[in-house]
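S.K.: here you go, sequence then predicted model.
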Amino acid sequence: MRRQLLCATGSVLLAAALALTAPAPAAHAADTVEATVPNGTFADPVAPDNGTQAGHAGWSPDGTGAVFGKGLAQHPQGYQAASLNWNGAPLTMRTRLWGVRKGSTVTLTWDDSPSTYRGCKPEQVKDGQTYNVALITDGPAPDPQVTTKGSDSVGTANWTAGAPSRSPRPRTTRWCPSSRRSPPGRCPAAR
């Protein structure tokens, strides 16, 4: 099975909808297959409702980073969130996407918000917070820099949903793993 590596760095909260879809084999090209990212909603470990818990299972490096409990994360669907900043330093999180086939078109969606940590300064969240989503693959891949929506109030979430059905500006990126026959950013047509 092929592996893809997803990496995120920055100083924001991520949660939910960390899922990917890839077209099925050519015989079923009109269909898509949804593959869930392990611990994509950051439910493990469970953090106190209005607190934090170290780590995020299924992501590396192990034992680093933190999840915000449901109350602190303020996600509209009640998810916990992973912080991309801890003690003033940006964090890097990585996970693998298994079973992605050569030539597939992969679409990754996620939700983000400026930090809800009350220790932030207004100028840190006012204009949003920027982070990168790096796709480490053996084929061409985008490396988008993303900025969250801003927040007028420290400690208040302002989530952007990943799913197009829940957001006018969905958080999404698309790439073609191992598609050496296609120019960067273009996937081969299904046949």
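M.R.: Thanks, I have the structure now.
S.K.: hey, where'd the strands end up in this structure?
M.R.: 3-10, 12-23, 32-36, 52-54, 66-68, 81-83, 85-86, 89-98, 106-114, 130-136, 145-147, 171-175 (DSSP state E).
S.K.: comparing the ones you listed by mean pLDDT, which bottoms out?
M.R.: Lowest mean pLDDT within the strands of the chain: strand 3-10, a mean of 43.
S.K.: neighbours around G71, how many?
M.R.: G71 has 15 neighbours, counted by other C-beta atoms under 10 Å. Yep, even glycine has a C-beta here, placed from its N, CA and C like the rest.
S.K.: oops, could you answer that again for R171 instead?
M.R.: R171: 23 neighbours (other C-beta under 10 Å).
S.K.: please shift the residue numbers so they start at 48 in all later answers.
M.R.: All set: I'll call the first residue 48, so the last point we hit is now R218.
S.K.: what's the closest non-adjacent residue to it?
M.R.: Excluding its sequence neighbours, the residue lying closest to R218 (C-beta to C-beta, 6 or more residues apart in numbering) is G209, at 4.5 Å.
S.K.: got the contact list for the nearest residue to G98 once chain neighbours are set aside?
M.R.: Nearest non-adjacent residue to G98, counting by C-beta to C-beta, 6+ apart: G116, 5.3 Å away. Each residue near G116 by C-beta atoms under 8 Å, 6 or more residues apart in numbering is listed here: V93, A94, P95, D96, N97, G98, T99, Q100, Q127.
S.K.: go again with 7 Å.
M.R.: A94, P95, D96, N97, G98, T99, Q127 (C-beta atoms under 7 Å, 6 or more residues apart in numbering).
S.K.: now swap in T99 and tell me
M.R.: Contacts of T99 (C-beta under 7 Å, 6+ apart): A113, V114, F115, G116, L119.
S.K.: list the buried residues in stretch 81-91.
M.R.: By neighbour count on 16 or more other C-beta atoms under 10 Å, the buried set for stretch 81-91 is V84, N86, G87, T88, F89, D91.
S.K.: which of those lies closest to G202?
M.R.: F89 (19.2 Å; C-beta to C-beta).
S.K.: show the pLDDT at the closest one.
M.R.: What the model reports as pLDDT for F89 is 90.
S.K.: ok so, going back, okay, now the residue nearest to R218: neighbour count?
M.R.: G209 - counted by other C-beta under 10 Å - has 22 other residues nearby.
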